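Visitor: any chance you could fold what I've pasted below:
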Amino acid sequence: MRAQRPAATHPMANDRKPINVETAPAPLGAYSHAFRAGNLLFVSGQGARDAETGKEKGAVLDAEGRMTGYDISVQTSAALANVEAVVRSAGGSRRDIVDVTVFLLDMKDFPAYNQVYARFFAEHRPARTTVGAASLPGNNAIEIKAVAVLPEEP
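Guide: Okay, here's the model as predicted:
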């Protein structure tokens, strides 16, 4: 039977930290914007919420604040900008993103979202998975999470 090393001697035990930023919307729950472990950055799902107003871009709301419609292109741009804001705050750029998971409220939105996504990443094409979701938090029709490989910290 192998003995386990104490956590303090793990190679990355002291190289793990939560990342929270003011340039992205505050989390709606008990989580960080991202978590850095060594050179890996795990970005929590980001929707279209504006950091300054707290309202989702591209959402059409009724008098009670319920979403009755949305512009998936606007929401995709906003969600990608939020992901990028988190990655930048940790010292990276969109070119450091290596894996993306996208949750769409309606898979019929795939062509329009994919167009915005393709412009955002241009020639840099991280691995990607797109999943249809029954519902998303807030007034979001899209949520995007990502993994980035960051440069060494100074």
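
Visitor: list the helices and strands the lengthiest helix in the chain packs on?
Guide: As assigned by DSSP state H, the longest helix anywhere in the chain is helix 72-89. Other elements packing on helix 72-89 under the criterion 3 or more CB pairs under 8 Å, 6 or more residues apart in numbering; DSSP states H and E are strand 40-46, strand 97-104, helix 110-121, strand 142-149. C-beta here means a position set from N, CA and C on the backbone, and glycine is covered the same way.

Visitor: residue 66 and residue 110: what is the separation?
Guide: Distance, residue 66 to residue 110, by CB to CB, to the nearest Å: 24 Å.

Visitor: who's more crowded, these two?
Guide: Taking neighbours as other CB atoms under 10 Å, residue 66 and residue 110 compare with residue 110 leading, 15 against 10.

Visitor: residues in contact with the residue lying closest to residue 62 once chain neighbours are set aside?
Guide: Nearest residue to residue 62 in three dimensions, chain neighbours excluded: residue 68, at 5.0 Å (CB to CB, 6 or more residues apart in numbering). Counting by CB atoms under 8 Å, 6 or more residues apart in numbering, residue 68 makes contact with 60, 61, 62.

Visitor: lovely, talk soon.
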